[in-house]
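# Sequence first, predicted model second:
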Amino acid sequence: MKIKAMKWLTTAPVALALAVSLAACGSGSAEPSGTPTDALAGSDQQTLDKYTTADVTPVDQIDTATLGLNTEGKLEVGTLSDAPPNIFIDPSGKFTGYDNELLRAIAGKLGLEVEFVATDFSALLSQVQTKQFDVGSSSISTTDARRQNVGFTNGYDFGFMAVVAKTDSDVKGFADLTGDLRIGVVQGTVQDDYVTNTLKLEPIRFPDYATVYANVRNGQVDAWVAPSQQATGQVKEGDGTVIAESVVNTQNFTAYAVAKDNQPLIDALNSGLDAVIADGTWSKLTKEWYPDREMPADWKPGSKAATVPQS
């Protein structure tokens with residue numbers, strides 16, 4: 001019922017959208033109880049190192065028969081359909097985007113097929129936890145709260161967080177977000193957690209990125225707190241909208257989600273990730289999907305032993 005109720009928000013007026021989102025998420029918290037995730041607090045390299053593995057098993061030593069997959073030889077992946085440039089379906093019907101193409105390359109190193117299935121982000125982590133999917137692929141920030149329920153690979157990306165508003169809006173950035181504004185987020189995201197638990201504001205929660213952005217365009221919400229990648233993918237010239245501010249978030253890297261007790265699969269994906277970093281595939285895909293983005297000096301993908309080839 002929760003997923004159906006949230007999908008109904010695509011046509012519901014904002015006042016009703018808020019009521020349904022609060023009912024769907026109980027207390028309104030985006031993350032389990034505990035310390036909130038201040039996604040803009042800055043990079044904490046010690047925290048990142050705590051979870052990043054020292055090295056990986058060579059990819060040719062991985063036994064794929066021991067990975068606990070729902071279907072032997074195939075990764076069943078839950079992802080989103082509407083969040084370019086990371087995870088989306090292209091006009092031909094293919095699941096693509098940076099995260100999904102990178103996962104295809106990782107699976108290729110392991111000799112595995114990949115099957116993508118569209119879902120809502122609000123449901124994705126619980127679906128991974130219950131092994132409905134082997135893997136979750138959705139630019140997932142690896143917060144401590146999420147680690148209570150699912151496992152994660154080593155990081156393959158970092159993130160920016162953005163504020164999107166109308167071009168003529170008084171909202172120019174995070175400092176302008178106040179309780180008298182209608183602030184949109186996608187339910188269950190780090191942005192939901194940030195607005196709810198760090199800013200102590202009550203956002204209007206939507207099931208997907210396309211819907212929350214449509215509500216910015218039509219003036220039903222005043223601002224959208226978004227992953228910058230998805231903001232860039234949605235905001236188009238002539239829409240009357242603007243990315244008002246974008247701030248780097250490297251406190252929690254981005255990784256693929258796996259059932260917490262499936263360490264063999266986590267280890268295998270880590271091995272594949274280091275392999276695609278070593279052969280230049282990670283760098284190639286990163287440049288292809290983020291041609292203008294600079295890499296933070298204090299971050300790199302993969303295990304601590306991984307080395308990004310010099311371009």
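Now that the structure is in, tell me what you want to look at.

# Am I right that residue 229 is in contact with residue 85?
Yes: assessed by C-beta atoms under 8 Å, residue 229 is found in contact with residue 85 at 6.1 Å. C-beta: built from backbone N, CA, C; applies to glycine.

# and residue 267, how many residues sit next to it?
Residues lying near residue 267 (other C-beta atoms under 10 Å) number 18.

# cool, and residue 91?
For residue 91, the tally of surrounding residues (other C-beta under 10 Å) stands at 5.

# looking at this, it is in a strand?
No: Residue 91 is assigned coil when assessed by DSSP: H, G, I helix; E, B strand; the rest coil, not a strand.

# Could you report the distance from it to residue 120?
Shown here: residue 91 relative to residue 120, a distance of 22 Å by C-beta to C-beta, to the nearest Å.

# With residue 99 instead?
16 Å.

# do residue 132 as well
Per C-beta to C-beta, residue 132 is found 13 Å from residue 120.

# who's more crowded, the two?
Legend: neighbour count by other C-beta under 10 Å for residue 132 and residue 120, higher for residue 120 (22 against 17).

# From what I see, that one and residue 207 are in contact.
Yes: the pair residue 120 / residue 207 is scored as a contact, 4.9 Å apart, by C-beta under 8 Å.

# For stretch 237-245, give me every contacting residue.
Here stretch 237-245 makes contact (C-beta atoms under 8 Å, 6 or more residues apart in numbering) with 162-169, 171-174, 176, 213, 216-217, 223, 228, 231-232, 235.

# Doesn't residue 115 belong to a strand?
Yes: Residue 115: assigned to a strand according to three-state DSSP.

# Give me the residue at the spatial middle of the chain.
Central residue of the chain (C-alpha atoms, centre = their mean): residue 139, 2.5 Å from the mean position.

# Residue 56 - that's part of a strand, no?
No: applying three-state DSSP, one finds residue 56 to be coil, outside a strand.

# For it, which residues are in contact?
154, 267, 270, 271, 273, 274, 302, 303, 305, 306.

# What ranges does the protein have for its helices?
Along the chain, counting by DSSP state H, helices occupy 2-7, 14-24, 45-51, 98-110, 121-129, 144-147, 190-193, 209-217, 228-234, 263-278, 281-289.

# Throw the ones you listed into CSV and include mean pLDDT and distance to residue 80, thanks.
Formatted as CSV, the helices of the chain follow (pLDDT from 0 to 100; distance: least, C-beta to C-beta, whole Å):
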stretch, mean pLDDT, distance to residue 80
helix 2-7, 26, 13
helix 14-24, 37, 18
helix 45-51, 64, 24
helix 98-110, 98, 9
helix 121-129, 95, 6
helix 144-147, 90, 16
helix 190-193, 92, 14
helix 209-217, 95, 8
helix 228-234, 89, 9
helix 263-278, 98, 19
helix 281-289, 96, 15
